[in-house]
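Chemist: Got a predicted model here, sequence first, then my questions.
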Amino acid sequence: MKQSIPIPVRKALRKLGQDISDGRRRRRIPLELMAERSDVSRSTLGKIEKGDPSVSLGGYAAVLFVLGLTERLSSLADANFDPVGRMLEEENLPKRIRLPSGGGRNGSRKIYVSIALGTRFILSGDCGVTIEKGAKALLSNMTKAGLHTRSVLRSSPH
């Protein structure tokens, strides 16, 4: 039974194949040499340049490597380019956060700072106010640096 590929995926693969073909021609690389350098057969390279979905991702990646275009390949599913995933993650953030007024044993407490997609930094010390200011300063600096910081400050006495 033949696998059904969604139309937008077929179009994207055809465009990728055409772009690969154009890139090879701009570099004046013959088909045989490109196939040899990317360690695929000539027929597979032909399929890649047509955007054939039956060719493995590894074949496409090898050809992109020969063209010097692999740096963009590594960020295809990067969280920075995944607004739906980030939106779903943000839905799990609590609506309201309350910091306890008193500290725990010896006045120390931990401030948990959740940044971006679940990366967790833990700052701890004896003075809760200083830790809280430090966590807020960290978030402020990250925001100034242009990093995505849908952040949560949470405190727990320990």
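Modeler: Received it, and whenever you're ready, just let me know what you need.
Chemist: low-confidence ranges in the protein?
Modeler: Filtered on pLDDT under 70, the chain yields the residue ranges 1-3, 95, 99-158.
Chemist: Helices of that one, start to end?
Modeler: For the chain, the helices defined by DSSP state H occupy 7-26, 31-38, 42-50, 57-67, 70-73, 83-91, 128-144.
Chemist: who are the neighbours of the third one, in terms of helices and strands?
Modeler: To tie it back to what came earlier, the one meant is helix 42-50. Under the contact definition 3 or more C-beta pairs under 8 Å, 6 or more residues apart in numbering; DSSP states H and E, helix 42-50 sits against helix 7-26, helix 31-38, helix 57-67. From N, CA and C alone the C-beta is placed, and that goes for glycine too.
Chemist: and what of the fourth one?
Modeler: Applying 3+ C-beta pairs under 8 Å, 6+ apart, one finds that helix 57-67 contacts helix 7-26, helix 31-38, helix 42-50, helix 70-73.
Chemist: Give me the residues contacting it.
Modeler: Outside helix 57-67, the residues that touch it by C-beta atoms under 8 Å, 6 or more residues apart in numbering are 16, 20, 23-24, 27, 29, 34, 37-40, 44-45, 48, 70, 73.
Chemist: Swap in 10 Å and give it another go.
Modeler: With C-beta atoms under 10 Å, 6 or more residues apart in numbering as the test, helix 57-67 has contacts from 13, 16-17, 19-21, 23-24, 26-27, 29, 33-41, 44-45, 47-49, 51-52, 55-56, 69-74, 76.
Chemist: Could you check the angle that helix makes with helix 7-26?
Modeler: With axes from the mean of the first three to the mean of the last three C-alpha atoms, to 10 degrees defining the directions, helix 57-67 sits at 30 degrees from helix 7-26.
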